[in-house]
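S.K.: A predicted structure for the sequence below; I have some questions about it.
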Amino acid sequence: MRGIYMVKVVVVGGGWAGTAAAITARKAGADVLVLERTDMFLGTGLVGGIMRNNGRFVATEESRAMGANELFDAVDETARHKNIEFPGHKHATLYDVAKIEPAVRRKLDQAGVKYKLQCRVADVKMDGKKIVAVIDQDKNEYSADVFIETTGTAGPQGNCLKYGNGCAMCIYRCPTFGPRIALATKCGVEEFVGKKADGSVGAMSGSCKLHKDSLSEEIQKELNTKGVAVIPIPAELQKKGALETKACQQYALKEFAENIILLDTGHAKLMTPFYPLETLRQIPGFENARYEDPYAGGIGNSIRYLALSPRDNTLKTQGLDNLFCGGEKAGLLVGHTEAIVTGSLAGHNAVRYAAGKDLVEIPIALTIGDAIAHVNEQMKTETGITKKYTFSGSVYFERMKELGLYTTDVQKIKNRVEKAGMTGIYNQKVV
């Protein structure tokens, strides 16, 4: 269509959504550049670790059948435990948070994606409603035909101070690499914020990391062998009310209030947004406990869902001609799998848009398509904006089960994708 001209795509933000978008855009035939604010990819993926639990199994297999398998392959290659169970969750994979980033970087290299780290986008150059270029903190300009925003919704520090318990020195590392910039807002788009059930703004990140060696040998052994450890909390030490503040409402179950639930992701993933250290150390086995991330995990965690972009179900940002979004920017979808599947669609559609072709909307017969459409609809309601949506639990997993979308039959999932006409779509060249 454009002769020898190659479509140029710039992805702003190198988390799960940004790396997924970069790979699908590259597979569609574009020249792709990722600009990442910090010195590593993946953002919260550097401390996450949980995949394939509950309905995420379905979303993973749908995505693989559609041709977006690379990041899920990286997860499998770095898995410490597979097919484990913990309260409220089945058939989970736990990847090693120390090994996942280099594995993802290799996938980007293999795909031919270009990237620039420690490159914080600070401004934008516009022509009407079209983005001409983004500008980094050193005044370098990066032009493209189409842009994808996957910058997340947490930071800067002032938001954690205003809506949370202050800067918890978390994986976002705002003090070191500078605050996140909302590209859509810079372009004049009015973004919106998520709320908690009580109407307050944002939600606290859902877990902390403990240094595994700071725990008792018994707990370490259980984590290393089983991948999970559940330690009852004496009633007088149970922390009240914290679960309601979590972004990850799929873990807001009474078991997580009555027990210390640890998952082995290399560190010991503590399934609570914070736990006072002096209280934690009174629980047997935690006498020497120390936080890894956030370092102020005894006080609080980062606040998220403060800058959500209005978008359609193709993940095109509304109000601008050539901006797409993925991950948390695309709405109240919580989790790594959720970021990957939205990023993948944004990357593919960005190239289709630049090439003048019809955009893809994933059919609601598939879990991914239904989630993208349902969450978009719900976020426009007074009640819906107070909820968090994830394939792995809470209100959306219940919806999956009601609609008959939840299954662990891989062949059945592949058949659904084929029936929807989506098999291998991300492997198709667009330009």
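M.R.: Thanks, I have the structure now. Numbering: from 1, shown residues only.

S.K.: dump the residue contacts of residue 428.
M.R.: For residue 428, the contact set (CB atoms under 8 Å, 6 or more residues apart in numbering) comprises 28, 67. Heads up, the C-betas are built off the backbone N, CA and C, glycines and all.

S.K.: May I have the phi/psi pair for it?
M.R.: Phi and psi for residue 428, reported as degrees, to the nearest 10, are phi -80, psi 130.

S.K.: Residue 7 now?
M.R.: In terms of degrees, to the nearest 10, the main-chain angles of residue 7 are phi -60, psi 130.

S.K.: any idea how far residue 149 is from it?
M.R.: Using CB to CB, to the nearest Å, residue 7 is found at 17 Å from residue 149.

S.K.: More neighbours: which of those two?
M.R.: For residue 7 versus residue 149, neighbours defined as other CB atoms under 10 Å are more numerous around residue 149 (36 against 23).

S.K.: Report all helices and strands that the helix ranked longest in the chain contacts.
M.R.: In the chain, assigned by DSSP state H, the helix with the most residues is helix 336-354. Where contact means 3 or more CB pairs under 8 Å, 6 or more residues apart in numbering; DSSP states H and E, helix 336-354 is packed against strand 8-12, helix 16-27, strand 50-51, helix 56-66, strand 146-149, strand 323-325, helix 367-378.

S.K.: want to throw the ones you listed into a markdown table with distance to residue 303 and mean pLDDT?
M.R.: Shown next, in a markdown table, are those (distance: least, CB to CB, whole Å; pLDDT from 0 to 100):
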| stretch | distance to residue 303 | mean pLDDT |
| --- | --- | --- |
| strand 8-12 | 21 | 98 |
| helix 16-27 | 19 | 98 |
| strand 50-51 | 21 | 96 |
| helix 56-66 | 24 | 98 |
| strand 146-149 | 19 | 98 |
| strand 323-325 | 20 | 98 |
| helix 367-378 | 20 | 97 |
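
S.K.: can I get these in TSV with distance to residue 334?
M.R.: Shown next, in TSV, are these (distance: least, CB to CB, whole Å):
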stretch	distance to residue 334
strand 8-12	21
helix 16-27	12
strand 50-51	11
helix 56-66	11
strand 146-149	18
strand 323-325	16
helix 367-378	10
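
S.K.: Among the ones you listed, which comes closest to residue 41?
M.R.: The minimum distance between residue 41 and the helices and strands packed on helix 336-354 falls on helix 16-27, with 5.7 Å, by CB to CB.

S.K.: Neighbouring strands of the helix or strand just after that closest one in the sheet, and parallel or not?
M.R.: Sequence-wise, the next helix or strand downstream of helix 16-27 (DSSP states H and E) is strand 31-35. Partners of strand 31-35 in the sheet, by DSSP bridges, are strand 8-12 (parallel), strand 114-116 (parallel).

S.K.: So for residue 20, which of these sits nearest?
M.R.: Taking CB to CB, strand 8-12 is the member of these nearest to residue 20, at 9.5 Å.

S.K.: Return the set of buried residues in the closest one.
M.R.: For strand 8-12, burial by neighbour count (16 or more other CB atoms under 10 Å) applies to 8-12.

S.K.: same question, stretch 368-384
M.R.: The neighbour-count check on stretch 368-384 (16+ other CB under 10 Å) flags 368-376, 378-379, 384 as buried.

S.K.: Let me have those residues in JSON lines, adding distance to residue 269 as columns.
M.R.: Below are those laid out as JSON lines (distance: CB to CB, whole Å):
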{"residue": "368", "distance to residue 269": "25"}
{"residue": "369", "distance to residue 269": "30"}
{"residue": "370", "distance to residue 269": "29"}
{"residue": "371", "distance to residue 269": "24"}
{"residue": "372", "distance to residue 269": "27"}
{"residue": "373", "distance to residue 269": "31"}
{"residue": "374", "distance to residue 269": "28"}
{"residue": "375", "distance to residue 269": "25"}
{"residue": "376", "distance to residue 269": "30"}
{"residue": "378", "distance to residue 269": "28"}
{"residue": "379", "distance to residue 269": "28"}
{"residue": "384", "distance to residue 269": "29"}
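
S.K.: And those residues, which is closest to residue 161?
M.R.: Once CB to CB is applied, the member of these that ends up nearest residue 161 is residue 379, at 25.6 Å.
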